[in-house]
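Asks: Sequence below, structure please.
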Amino acid sequence: MAARKRGVLARVIASIFKLIFGFVLLSLVMVVIYRFVPPPTTITMLTDPNGATRDWTSIERIDRNMIAAAIAAEDGKFCTHSGFDREAIENAVRRNAQGGRIRGGSTISQQTAKNVFLWQGGGFFRKGLEAWFTVLIETIWGKRRIMEVYLNVAETGIGTYGVEAGAQRYFGKGAGSLTRDQAARMAAALPLPKKRSVKNPSGFTRRYGNNIAQRIGIVQRDGLDACTR
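Replies: Next up, the predicted model:
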């Protein structure tokens, strides 16, 4: 009986290790492929009841104002951290402990890992997977590719993904010719693209967009976007 139990336990452990090895191998293969090939879709796009409009655009064809706006709005330390902003995470934990609206401390790298490989929502399991994929893309893709993918898969409106589709929707032109104010308005809506207006922003969104527009100049002046060139 004892020998049989040990045999069952050994098979269970072996199965678990096989699953882990399979996941690690599959995730590595996917990350390597997406280093060169645009992700064809994401879980978020597939499950969006409004559909998903997207037009993949290489980073060379995206206006530098949009890249600087994303850094100014979402991740000022994008070029200097290794995927995780410890200070931002600690601040988010401290604010959340005080109650009120839950705030995140995710970097652009973490958001890209989540958007491409995982699903929306929280939970320790998903956050653990997010951390794993963040390490992989930081190691295999590099900053320029991470920014390129981020700007092509981030939700920019209802049923709209990527800055090219967003620019066409809101301004009737491509992402390669966005003005500083237009890029700032799109970046201001990124956290809540279904609720924040890009075309006619008001209140907080308008003020936030104006603030981002000012910070774009700082990002470009100080070279905070240098890793994306």
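Asks: hey, which helix or strand in this protein has the poorest pLDDT?
Replies: Scoring the helices and strands of the chain by mean pLDDT, DSSP states H and E places helix 86-97 at the bottom, with a mean of 70.
Asks: was I right about A175 contacting I62?
Replies: Yes: the criterion here is CB atoms under 8 Å, and A175 meets it with I62 at 4.8 Å. Heads up, the C-betas are built off the backbone N, CA and C, glycines and all.
Asks: Need the overlap of contacts for those two.
Replies: 151, 163-164 (CB atoms under 8 Å, 6 or more residues apart in numbering).
Asks: Which one (most neighbours) among those?
Replies: V163 (29 neighbours; other CB atoms under 10 Å).
Asks: neighbours of the closest residue to that residue other than its chain neighbours, just the number please.
Replies: Leaving aside its sequence neighbours, V163 sits nearest to A175 (CB to CB, 6 or more residues apart in numbering; 4.4 Å). By other CB under 10 Å, the residues close to A175 number 28.
Asks: Equivalent analysis for Q120, please.
Replies: Residues lying near Q120 (other CB under 10 Å) number 13.
Asks: Name all residues that make contact with D48.
Replies: G159 are the contacts of D48 under CB under 8 Å, 6+ apart.
Asks: Over to it: give its phi and psi.
Replies: phi -80, psi 120 (degrees, to the nearest 10).
Asks: ok, it to I158 distance?
Replies: Distance of D48 to I158, computed by CB to CB, to the nearest Å: 9 Å.
Asks: Let me know the average pLDDT across the longest helix along the chain.
Replies: Assignment by DSSP state H gives helix 2-34 as the longest helix of the chain. Helix 2-34 carries an average pLDDT of 89.
Asks: For the helix or strand following it, list every residue counted as buried.
Replies: Beyond helix 2-34 on the C-terminal side, the first helix or strand identified by DSSP states H and E is helix 43-46. Using 16 or more other CB atoms under 10 Å as the test for burial, helix 43-46 gives 44-45.
Asks: which outside residues touch helix 43-46?
Replies: By CB under 8 Å, 6+ apart, the surrounding residues in contact with helix 43-46 are 52, 54, 115, 118-120, 153, 155, 161.
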